[in-house]
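In: Sequence plus the predicted model coming up.
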Amino acid sequence: MSNIQVLATERQIRQAVRRIAREVSRRYQEESILLVGVLTGAFVFMADLARELYRMGMTDVEIEFIDISSYSGTESGQIRFDRDLTVPISGRHVVIVEDIIDTGATLAFLLKLLEVREPASLIVVALFNKVTRRVETLPSERIITGIDLPNKFVVGYGLDRNGKFRHLPFVGIVAS
């Protein structure tokens, strides 16, 4: 087992998921929403968020996935679009569920891609945020984040390094 310096504990992550769910619930309590999870990293957060929304009384929630990424190993790079949505989003309230916002390039691409499909509303929830890495200007009024992280390559809670560490219930840095 690798030595990992923990940056966000299980408890801190649970609290952040609840805060995000509370804000989504506040905005869309009486509405039907479509959660769009960005594969592969957001799958853990997506599951926990969907259950938390249910606990808050939101029962009209549909789940969909899109596969888009900009990572190869530990470096942010070219954007790769591998899987599109299987349902139309025109006129729907869409919540993009992202694991982490790093440079913002992937998210900027995704927002442009989905905005032209004319959703009723489009917001982003991201559990983790590396604001110091941002190179793209993102619409802050449409983005809800949970935990700010330092400019380090992190793993756990859906985040991986070459396919490993996604299963960890916390987030941290793998020691060299």
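Out: Arrived safely. Residues are numbered from 1 along each chain as shown.
In: Could you pick out the longest strand of this structure?
Out: Secondary structure of the chain read by DSSP state E shows that its longest strand is strand 61-72.
In: buried residues in the longest helix along the chain?
Out: Taking DSSP state H as the criterion, the chain has its longest helix at helix 10-28. For helix 10-28, the buried set under the neighbour-count rule, 16 or more other CB atoms under 10 Å, comprises 13, 16-18, 20-21, 24-25, 28. C-beta: built from backbone N, CA, C; applies to glycine.
In: Those into CSV, with extra columns for distance to residue 127?
Out: Shown next, in CSV, are these (distance: CB to CB, whole Å):
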residue, distance to residue 127
13, 7
16, 6
17, 7
18, 11
20, 7
21, 11
24, 12
25, 16
28, 18
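In: about what we covered before: buried residues of the longest strand of the chain, list them for me.
Out: Of all the residues in strand 61-72, those buried under the rule 16+ other CB under 10 Å are 61, 64-66, 68-71.
In: How about the contacts made by residue 172?
Out: Contact partners of residue 172, counting by CB atoms under 8 Å, 6 or more residues apart in numbering, are 4-8, 154-156.
In: hmm, try it at 6 Å
Out: In this structure, residue 172 makes contact with 4-7, 156, judged by CB atoms under 6 Å, 6 or more residues apart in numbering.
In: Any idea what residue 4 is bridged to?
Out: residue 174 (DSSP bridges).
In: Below-threshold pLDDT in the chain: ranges please.
Out: Within the chain, the set of residues satisfying pLDDT under 70 comprises 1, 71-77, 136, 176.
In: show me where the protein has strands.
Out: 4-8, 33-39, 61-72, 75-83, 93-101, 121-129, 143-148, 171-174.
In: Fine by me, thanks again.
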